[in-house]
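A.B. asks: pasting a predicted model and its sequence here:
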Amino acid sequence: MNAPRRRREAAAPWSGWAALLVLLAIATWLRFAGIGFGLPGKYRPDEEFTVSCSLRIFGGQPNPHFFTYPTLYMNLLAAVYGVWQRIGTWLGSFGAAGFQPFVHANGGAAAHLAARMTAAAAGVLGVLATYRLGRLAAGTRVGIVAALLLTFSYAHVRESHFATADVLLTLLATLALGAIMRVSETGRWRDSIVAGMLAGLAFSTKYPGLALLVPLVLAHAVPWRRGALARGGIAVLAMTAAFAAGSPYVFLDWKSFRGALEREASFGGGVAGLDAPYGFSWLFGFALRYAAGIPVLAVGLIGAGWIVRDLFGGGPARPGAAILVSFVVAYTTPFLTYHLVYIRYVLPLLPILVVCAARAIEAAAQRMSPTRAVSIAVAIAALLSVEPALRAWRTDRLLQGPDTRNQAREWIATHVPSGASIAASTSYWYAKPELPPGYRYVDFAHPRAAAAEWALVDEHPVRYFSPPPPPAAAQRLASTGELVADFNPFVPGREAEAVFDPADAFYVPLAGQAAVRAAGPSIRIYRLAPVQ
């Protein structure tokens, strides 16, 4: 953006700020509704790692001994727990036992809820950061429309409910891209340092944040200014320092860090028995399709055409276009080579996608009626957002409702004698109810399963994580098993309508939520006759 236009766009009109406040209120409602999903059960994969590591750090063990992710998010959660302890102790909220027993009670439900609320807050701030990115890229109106589109973006709403690092990465990457755009505009030392620090914090949240290094370096080269080499060097140093500050044990426990990266790299070729999309078919045909919705994706790709045209056509918008394009290419390329990828990986692309869509919408509105362009652009964006917003609302309802695993847990506590062994397929735990104290699972293949008088079977379209019982166990269930409880989450006859991420052990659909009555797999409980 050139200097005169930047001055015109320096502050949104009051109507723009009012619209932004309304969007932030809606974003807050969508991201906090149902935030207690499943608790005290741990039914969102990876939450158990981030929360347990955060509690260890809070308890005085700064080395997380877990490097699947860098540790900025876990250090942030530890700080949140510290603030919570101080305020709650001052208010007398934890009773005579104190904070530690309180936060670990009920399976650590309170700790998980606080971590989820931190992620949800980052999701709401991400809407504000997207407004800023859109304003810097193409003006205030584009910023408002982009914020509207992200407010209702399905994957951003869904993942903001959970204590994983992806939403915080998206917030920091969006802030970093905005700061990098300022570098290309101003050429100031201060902007270079801020951009480097934000990029380093994003990298310290999840390793793919390293992709920000590419636009960070490019911003110091296009356009070339006097002292660009020195400022670029300082920016890279600031990025390195911020990463080290957020994840110091990456360097202090190098052996464990290297081992974690090697384990993660081993999944790059996929997992035997898991049939899931990958490559471009995953990116465009699955991940972005369900993350943003087909209407927003289609218009976003049209807007991306303008961005690419700016890049190769020159002009004042070229530096900003180079920043966005270089980040998209650097971020997506590694994922296109992997065979084990999840929909939440595309979250950092969503602010860029909605900015591109907002630019296309704003241009179309200007052509329709220059005097009513704002209202037309908002109306178009709202229309495009209907489909993802409806899925987000239905998902929130599912998250607020019962979960078949919790229903099964309550039934077991009421009907199965304490101390009982329950035969089940125990390869993966996410599909299973977390048993009350005094009960235990025994795998169908284990010799002790022959003595079990109860069995639990889970089935679901996410078949990799809900495998059927082995043939011998299935035969026993058919011949001597009595079905005593059945928790079916699907509307009868409509199971095929629900769409799930086949690589993700998360039993809430991406689409077709109307075909689902409750979160969780289908669970059947059997009473077994003893093996003679």
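C.D. replies: Structure's in. What do you need?

A.B. asks: which one's the longest helix in the protein?
C.D. replies: Longest helix of the chain, by residue count under DSSP state H: helix 99-138.

A.B. asks: tilt between the following helix or strand past it and helix 99-138?
C.D. replies: Note on helix 99-138: by DSSP states H and E, the next helix or strand toward the C-terminus is helix 140-151. Counting by axes from the mean of the first three to the mean of the last three C-alpha atoms, to 10 degrees, helix 140-151 lies at 140 degrees to helix 99-138.

A.B. asks: which neighbouring elements make contact with helix 140-151?
C.D. replies: Here helix 140-151 touches helix 14-32, helix 99-138, helix 350-368, helix 373-384, going by 3 or more C-beta pairs under 8 Å, 6 or more residues apart in numbering; DSSP states H and E. For the C-beta atoms, the positions are set from N, CA and C on the backbone; glycine is no exception.

A.B. asks: that one: what's the following helix or strand?
C.D. replies: Next helix or strand after helix 140-151 toward the C-terminus (DSSP H and E): helix 154-159.

A.B. asks: give me the buried stretch members for the next helix or strand after that next one, please.
C.D. replies: Toward the C-terminus, helix 154-159 is succeeded by helix 166-186 as the next helix or strand (DSSP H and E). Within helix 166-186, the residues that count as buried by 16 or more other C-beta atoms under 10 Å are 166-185.

A.B. asks: what about Leu252, how many neighbours?
C.D. replies: For Leu252, the number of neighbouring residues by other C-beta atoms under 10 Å comes to 12.

A.B. asks: could you do His339 as well?
C.D. replies: If you count neighbours by other C-beta under 10 Å, His339 ends up with 16.

A.B. asks: quick one: residues contacting it.
C.D. replies: Gly268, Gly269, Gly270, Ala276, Tyr278 (C-beta atoms under 8 Å, 6 or more residues apart in numbering).

A.B. asks: next one: the residue nearest to it when sequence neighbours are not counted from Tyr338, what distance?
C.D. replies: In space, His339 comes closest to Gly270 once its chain neighbours are excluded; the distance is 3.3 Å by C-beta to C-beta, 6 or more residues apart in numbering. Distance, Gly270 to Tyr338, using C-beta to C-beta, to the nearest Å: 8 Å.

A.B. asks: ok, Leu198 to Leu169 distance?
C.D. replies: Using C-beta to C-beta, Leu198 is found at 12 Å from Leu169.

A.B. asks: same question for Leu24.
C.D. replies: With the distance defined as C-beta to C-beta, Leu24 ends up 20 Å from Leu169.

A.B. asks: residues in contact with the residue lying closest to Asp504 once chain neighbours are set aside?
C.D. replies: Nearest non-adjacent residue to Asp504, counting by C-beta to C-beta, 6+ apart: Tyr342, 5.2 Å away. By C-beta under 8 Å, 6+ apart, the residues touching Tyr342 are Asp501, Ala503, Asp504.

A.B. asks: with respect to Val457, which of those is nearest?
C.D. replies: The closest of these to Val457 turns out to be Asp504 (C-beta to C-beta; 21.1 Å).

A.B. asks: before we move on, which element is that closest one in?
C.D. replies: Of the helices and strands defined by DSSP H and E, none includes Asp504.

A.B. asks: neighbours of it, how many?
C.D. replies: 21.

A.B. asks: that one against Val462, yeah?
C.D. replies: Yes. Counting by C-beta atoms under 8 Å, Asp504 does reach Val462; the two are 7.3 Å apart.

A.B. asks: using CSV, write out every CA atom in the helix or strand where Trp84 lies.
C.D. replies: Using DSSP H and E, Trp84 maps to helix 72-91. Written as CSV, here are the backbone C-alpha positions of helix 72-91 (Å, rounded to 0.1, in the frame of the first residue of the first chain):
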residue,chain,number,x,y,z
LEU,A,72,5.8,-21.9,23.5
TYR,A,73,2.2,-22.9,23.8
MET,A,74,2.9,-25.1,26.8
ASN,A,75,4.9,-22.3,28.5
LEU,A,76,2.0,-20.0,27.9
LEU,A,77,-0.4,-22.4,29.5
ALA,A,78,2.0,-22.8,32.5
ALA,A,79,1.9,-19.0,32.8
VAL,A,80,-1.9,-19.0,32.6
TYR,A,81,-2.0,-21.6,35.4
GLY,A,82,0.3,-19.4,37.5
VAL,A,83,-2.0,-16.3,37.1
TRP,A,84,-5.0,-18.5,37.8
GLN,A,85,-3.4,-19.8,41.0
ARG,A,86,-2.6,-16.3,42.3
ILE,A,87,-6.0,-14.8,41.6
GLY,A,88,-7.9,-17.9,42.7
THR,A,89,-5.9,-18.1,45.9
TRP,A,90,-6.6,-14.5,46.7
LEU,A,91,-10.3,-15.0,46.1
